[in-house]
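Visitor: coordinates only, sequence not included:
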């Protein structure tokens, strides 16, 4: 009975040993890199992005009455509102924002949407971001239309609600963090005659996605 080739067995053992060494080396390098990243993150202590609605300007607002086929009258509203957001980055690293969409509502009825294009914000900086919400002849229920006309023409006080999500990532020495989502929910009171913001109350809810 022929015996096995000792040279072949030795070569196979050497190859297996080299593979184990390479796997261990890559594992060690991966753990070392992870440890370095964790140390940097803990040292920097990254903070969630601050994105606040600062100002609201009413460019115009207009109402139109139309008669339907069943002889009923409906109201439609057209308006344009400009919103100014303040983005503040207190981190020592930059923040990359994705496109953000904000919905403006009156008495729970969506009137229109504004989009803030994505942008990059440098460390320790404050940035003004503007978006315009254009509403073109949105039909309202008769009760809501009557209330809105009264709020504009009599009370000079219109209560609106602005909702949206801001998604951003923090970039540290070329490494991008997981996405951080900040949900914004603001109750506004605007003055159509002064075309300005009277008061606002905003809530923020941040989570990682």
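Guide: Here it is on my side, so go on. Everything quoted here is computed from the prediction, not taken from an experiment.
Visitor: Just the mean pLDDT for the helix or strand hosting residue 87, thanks.
Guide: If you go by DSSP states H and E, residue 87 is part of strand 73-89. On average, the pLDDT along strand 73-89 is 82.
Visitor: Quick check: neighbours of that strand in the sheet, parallel or antiparallel?
Guide: The partner list of strand 73-89 in its sheet, established with DSSP bridges, is strand 50-67 (antiparallel), strand 125-140 (antiparallel).
Visitor: contacting residues around the most centrally placed residue in the chain?
Guide: Geometric centre of the chain, nearest residue: residue 166, 0.9 Å, by Cα atoms, centre = their mean. Counting by Cβ atoms under 8 Å, 6 or more residues apart in numbering, residue 166 touches 49, 51, 97, 100, 181-184. Using the backbone N, CA and C atoms, a C-beta is placed for each residue, glycine as well.
Visitor: likewise residue 190?
Guide: Residue 190 sits next to 56, 58, 81, 157-158, 160, 196-198 when contact means Cβ under 8 Å, 6+ apart.
Visitor: how far does stretch 188-196 sit from the chain's center?
Guide: On the basis of Cα atoms, centre = their mean, to the nearest Å, stretch 188-196 sits 25 Å off its chain's mean C-alpha point.
Visitor: Now the two most distant members of the contacts of residue 166.
Guide: 97 and 183 (14.5 Å; Cβ to Cβ).
Visitor: which parts of stretch 157-164 are buried?
Guide: Buried positions in stretch 157-164, judged by neighbour count with 16 or more other Cβ atoms under 10 Å: 158-162, 164.
Visitor: one step back: filter the contacts of residue 166 down to the buried ones, PyMOL style.
Guide: Restricted to buried positions by 16+ other Cβ under 10 Å, the PyMOL selection for the contacts of residue 166 reads:
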select buried, resi 49+51+97+100+181+182+184
